[in-house]
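# using only what follows, build the 3D model:
(one chain, ligands or ions: 2)
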Amino acid sequence: MSIINVSELKPNMILRDDVRDNNGRFLLTKGTNLTMDQIRMLKMWGVIEADIEVSEQEHTKQEDSDYADAKSIEMAEKVTSDFFMHTDRDHPAMRELFNACSLQKAVELARSKTDTVYDNSFRIDSCIAVVPEHLTTEKGVLEYITCDIELPTLPTVFMKINETIMNPKSSARDIADAISLDTSLSARLLKIVNSAFYGFPSQIDTLTRAVAIVGTKQLSILAFGIKIISMFESISSDTIDMKSFWKHSIACGVISRIIAGYKNIRNTERLFVAGLLHDIGRLILYSYMPAVALCALQKAKETSGLLYDMEHEIMKLDHATIGKLLLKKWKLPFSLEDIVAHHHIPQKSQNQLECSIVHLADIITNAIKIGTSGEYYVPPLDPFSWDRIELSEKVLTSIIHQSDRQFDEIIQLFFSHEN
Ligand SMILES: [Fe+2]
Ligand SMILES: [Fe+2]
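Ligands and ions are numbered 1, 2, ... in the order given. Modelled structure (predicted):
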């Protein structure tokens, strides 16, 4: 067998057979000596496997097995079991995810990349947080958020972008002009469009071309996601590492977009931004209601419980509802609001498929431990969502590898301050 996962392809491997996408569209001919751009293109088109010359495949497999020795695997399984304690490991998807995470952890441990087995990045001191009385009822919390605190507002550049998009007479040039009013946003957008996240084979050097290639709505929603991060960059939190929070959010966005690609969903930027914003309600908790956030974190740690269950216990609602309120205030599309509101219970969503995708992406992100929004354990997978997505569990490892490839670059672009 010489069929390998696309995530394992490397430049100079030679295709033993033609490669087609999920719809049978011809992409590359057999005998092709693969380049990095071609590998990116295959990932972008959602290709899962490719048939390559045997010698290279054997070399690739050897690399991983070299590092995962028996002792590391045993230790990794123990650690991973702890993270997965709230999940049903008899479910095929969770079993697959558990195995993938255990192996990843084993390789990390064997390579001594990490000297600790836990990545518990939220900070809790010994004092017990006292939650004000009015924040212990749903009514009280909703009143506090809508009347007593001033939630962040969207910059005016977005009004201009939205106005231009809504005008049917607007050209790609008009939209590019509206975005270019914010120079740092424009620079970041162009970098992202030219990154592995998109994997376009040639350079896109103007916003007008980016609008034409990526699409008006897609580029504007991407612009929105980038801007949100910069809006919250100045907000400090003593309770959580903000960079870790955004890593979790960006990873969830990247993975949501990859899953959407497998489902042949168009406009995957919407899924990226939905993933990016799924836990934004928690940011409001950390920033404006620190006593609630701290108390929830303490309770979760003491009882080995899930953080969103603790939020419910304290406030009678959770971060998903708070996130929905913020998105409503910003007058974002209802589809985004709906996904954020129901990312832990996709059955209640009006767009169950897309909500289920973000739900799954959140679980994968928690499992592979890229950053954290405060949740220590892997949240349980809703079996309804899994069935709704209709993916084979075999692609989960591939999704993790694909996200790994895109994530390092995209995180640098989001946090780059040179522009
Ligand atoms: Fe969440
Ligand atoms: Fe999350």
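
# run through who's touching stretch 143-163.
134-135, 175, 178-179, 181-182, 185, 220, 223-224, 227, 231-232, 235, 284, 288-289, 322, 325-326, 329-330 (Cβ atoms under 8 Å, 6 or more residues apart in numbering). C-beta coordinates here come from the backbone N, C-alpha and C atoms, glycine included.

# flag every residue of the stretch 301-419 of the chain that's near ligand 2.
Within the stretch 301-419 of the chain, the positions lying close to ligand 2 (Cβ under 5 Å from the ion) are 362, 373.

# which residue ranges form the helices in the stretch 301-419 of the chain?
Assigned by DSSP state H, counting those that start in this stretch, the helices in the stretch 301-419 of the chain fall at 307-315, 319-329, 334-341, 352-368, 383-389, 395-415.

# how far off centre is the shortest one?
On the basis of Cα atoms, centre = their mean, to the nearest Å, the separation between the geometric centre of helix 383-389 and that of its chain is 18 Å.

# reformat the helices of the stretch 301-419 of the chain as CSV; add mean neighbour count.
Shown next, in CSV, are the helices of the stretch 301-419 of the chain (neighbours: other Cβ atoms under 10 Å):
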stretch, mean neighbour count
helix 307-315, 21
helix 319-329, 21
helix 334-341, 22
helix 352-368, 26
helix 383-389, 17
helix 395-415, 19
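
# picking up where we left off before, now the contacts of stretch 143-163: which count as buried?
135, 175, 178-179, 182, 185, 220, 223-224, 227, 232, 284, 288-289, 322, 325-326, 330 (16 or more other Cβ atoms under 10 Å).

# re earlier: looking at the helices of the stretch 301-419 of the chain, which is closest to residue 204?
Of all the helices of the stretch 301-419 of the chain, it is helix 395-415 that lies closest to residue 204, at 14.0 Å by Cβ to Cβ.

# low pLDDT regions in the stretch 301-419 of the chain?
Along the stretch 301-419 of the chain, the parts satisfying pLDDT under 70 run over 416-419.

# in it, which residue sits closest to ligand 2?
Using Cβ to the ion, the single residue of the stretch 301-419 of the chain nearest to ligand 2 is residue 362, 4.2 Å away.

# that residue contacts residue 381, correct?
No. In this structure residue 362 lies outside contact range of residue 381 using Cβ atoms under 8 Å: 9.9 Å.

# pull up the residues of the chain that are close to ligand 2.
Counting by Cβ under 5 Å from the ion, the positions of the chain adjacent to ligand 2 are 279, 362, 373.

# ok, the nearest residue to residue 384 once chain neighbours are set aside - how many residues close by?
The shortest distance from residue 384 to any non-neighbouring residue, by Cβ to Cβ, 6 or more residues apart in numbering, is to residue 347 (5.3 Å). Per other Cβ atoms under 10 Å, the neighbour tally for residue 347 reads 13.

# residue 347 and residue 356, how far apart?
Going from residue 347 to residue 356 by Cβ to Cβ, to the nearest Å gives 9 Å.

# identify the contacts common to these two.
Contacts common to residue 347 and residue 356, judged by Cβ under 8 Å, 6+ apart, are 382, 384, 385.

# what residues does the helix or strand containing residue 80 touch?
Using DSSP states H and E, residue 80 falls within helix 70-83. Here helix 70-83 makes contact (Cβ under 8 Å, 6+ apart) with 98, 101-110, 117-118, 366-367, 369, 376-378.

# out of these, which end up buried?
Neighbour-count burial (16+ other Cβ under 10 Å) is assigned, among these, to 98, 101-110, 366-367, 369, 376-378.

# mind checking pLDDT for the residue of the stretch 101-250 of the chain found nearest ligand 2?
At 5.8 Å from ligand 2, residue 248 is the closest residue in the stretch 101-250 of the chain, using Cβ to the ion. For residue 248, the model assigns a pLDDT of 94.

# nearest residue to it in space, please, no chain neighbours.
residue 371 (3.7 Å).

# roughly how far does the one you found sit from residue 229?
Distance of residue 371 to residue 229, given as Cβ to Cβ: 13 Å.

# any common contacting residues for the two?
Residues touching both residue 371 and residue 229 by Cβ under 8 Å, 6+ apart: residue 246.

# neighbour count for those two, which is higher?
When residue 371 and residue 229 are compared for neighbours, residue 371 comes out ahead with 23 against 17, by other Cβ under 10 Å.

# the more buried one is in contact with residue 245, isn't it?
Yes. The criterion here is Cβ under 8 Å, and residue 371 meets it with residue 245 at 6.5 Å.

# tell me who's in contact with whichever residue of the stretch 151-300 of the chain sits closest to ligand 2.
Closest to ligand 2 within the stretch 151-300 of the chain is residue 279: 4.3 Å, counting by Cβ to the ion. Shown in contact with residue 279 (Cβ under 8 Å, 6+ apart): 245, 248, 249, 252, 319, 323, 362, 373.

# can you tell me the SS state at the closest residue to the fifth one other than its chain neighbours?
Of all residues not flanking residue 319 in the chain, residue 281 sits nearest, at 3.5 Å (Cβ to Cβ, 6+ apart). Per DSSP: H, G, I helix; E, B strand; the rest coil, the secondary structure class of residue 281 is helix.

# for residue 281, what are its contacts?
Here residue 281 is in contact with 318, 319, 320, 321, 322, 323, 324, 325, 326, 340 (Cβ under 8 Å, 6+ apart).

# nearest residue to the last one other than its sequence neighbours?
What that stands for is residue 340. residue 323 (4.4 Å).

# correct me, but the one you found touches residue 285?
No. Assessed by Cβ under 8 Å, residue 323 is found out of contact with residue 285, at 9.8 Å.

# what's the burial count for residue 248?
Residue 248 has 26 nearby residues by other Cβ under 10 Å.

# the one 4 residues further on now?
Other residues within reach of residue 252 by the criterion other Cβ under 10 Å amount to 31.

# same check, this time on residue 350
12.

# just read off the phi/psi values of it.
Phi and psi for residue 350, reported as degrees, to the nearest 10, are phi -80, psi -10.

# thought it was touching residue 337?
No. Contact between residue 350 and residue 337 fails when scored by Cβ under 8 Å: they sit 10.1 Å apart.

# if we can go back for a sec, turn the helices of the stretch 301-419 of the chain into a markdown table, columns for distance to residue 256.
Converted to a markdown table, the helices of the stretch 301-419 of the chain look like this (distance: least, Cβ to Cβ, whole Å):
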| stretch | distance to residue 256 |
| --- | --- |
| helix 307-315 | 18 |
| helix 319-329 | 15 |
| helix 334-341 | 9 |
| helix 352-368 | 4 |
| helix 383-389 | 11 |
| helix 395-415 | 10 |
